[in-house]
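Trainee: Here is a sequence with its predicted model. Questions after.
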Amino acid sequence: MKTTLIFMILILSLGGCSSSNRSSAPTTKKAAKVRITNFYLSPAQVPKGSTGNLCYGVEFATKVTLDPPVEEVWPAVTRCLQIKAEGPKHYTLTATGADGQTDVRSIDFETVEVVAAPELYDISVTSMQVKPDQPVGLCFKARNAVRTEASPGTYDAAKGCLVDYPKVTTKYQIAAVGKDGQRDTRDVTVKVR
């Protein structure tokens, strides 16, 4: 019992029982700084008339505003709003913290003109197998094309038809070329026997 008493006295003297050595002043906690963690468009360019996403994320914000307004916004770690691509727009996001400090970011929303891809269709060949010097006719139509091409042989672009008199098996190449240089191509092989 004597050992236990000595042990308790030792513990109390090392740990201290009194609060007289400690500061009694309250600690002040510094407010975390408000910040916008992300503000972006997805996709970066949206075809005119389509919809895209305007996404944002904030930390330590008590209030969030978007100019021009799209819909109601509020502090969120991540959030996306749907926006319609009706022309170029400039969006500004402002996040305000509890201390009144702000973080501001801006982004430009670009719309792009959608150019439809050229397309070959209604392809017809008079015969897939001919005798030497027998005529071959190859006709086709194209959508969304600024020009069409066909070779070898004599090609009439107005009619969309090619005429040839092959002596050997021949591979004919046709193409529709779009406004932006895109191409839709096909190969048609006619055997000569």
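Mentor: In hand now; what should we look at?
Trainee: pretty sure residue 123 is touching residue 188, no?
Mentor: Yes - shown here, residue 123 and residue 188 form a contact pair, counting by C-beta atoms under 8 Å, at 7.1 Å. To be clear about C-beta, it is placed using only N, CA and C from the backbone, and glycine gets the same treatment.
Trainee: Those two: which is more packed in?
Mentor: residue 188 (18 against 13; other C-beta atoms under 10 Å).
Trainee: Need the contact partners of stretch 186-193.
Mentor: For stretch 186-193, the external contacting residues (C-beta atoms under 8 Å, 6 or more residues apart in numbering) are 120, 123, 125, 127-132, 136, 138, 140, 166-175.
Trainee: Count residues in the vicinity of residue 120, would you?
Mentor: So residue 120, with other C-beta under 10 Å, has 19 neighbours.
Trainee: about what we covered before: restricted to strands, list the contacts of stretch 186-193.
Mentor: Members of those lying in strands (criterion: DSSP state E): 120, 123, 125, 129-130, 136, 138, 140, 170-175.
Trainee: and those, which are buried?
Mentor: Among those, those classed as buried by 16 or more other C-beta atoms under 10 Å are 120, 125, 130, 136, 138, 140, 170, 172, 174-175.
Trainee: What residues does the residue nearest the centre of the chain make contact with?
Mentor: The centre of the chain sits closest to residue 43, judged by C-alpha atoms, centre = their mean, with a distance of 2.6 Å. Contacts for residue 43 (C-beta under 8 Å, 6+ apart) come out as residue 52.
Trainee: Check the gap between it and residue 180 for me.
Mentor: Residue 43 is 18 Å from residue 180, where distance means C-beta to C-beta, to the nearest Å.
Trainee: As CSV, the ones in strands among the contacts of stretch 186-193 with distance to residue 85 would be great.
Mentor: Output for these, formatted as CSV (distance: C-beta to C-beta, whole Å):
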residue, distance to residue 85
120, 30
123, 35
125, 43
129, 51
130, 52
136, 47
138, 41
140, 34
170, 47
171, 43
172, 41
173, 37
174, 35
175, 31
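Trainee: Leaving out sequence neighbours, find the closest residue to residue 185.
Mentor: residue 175 (4.5 Å; C-beta to C-beta, 6 or more residues apart in numbering).
Trainee: got the contact list for the one you found?
Mentor: Per C-beta under 8 Å, 6+ apart, neighbours of residue 175: 120, 148-150, 183-186.
Trainee: Can you report how many residues lie near residue 144?
Mentor: By other C-beta under 10 Å, 15 other residues sit near residue 144.
Trainee: List phi and psi for residue 151.
Mentor: phi -160, psi 160 (degrees, to the nearest 10).
Trainee: what's the closest non-adjacent residue to it?
Mentor: residue 173 (5.9 Å).
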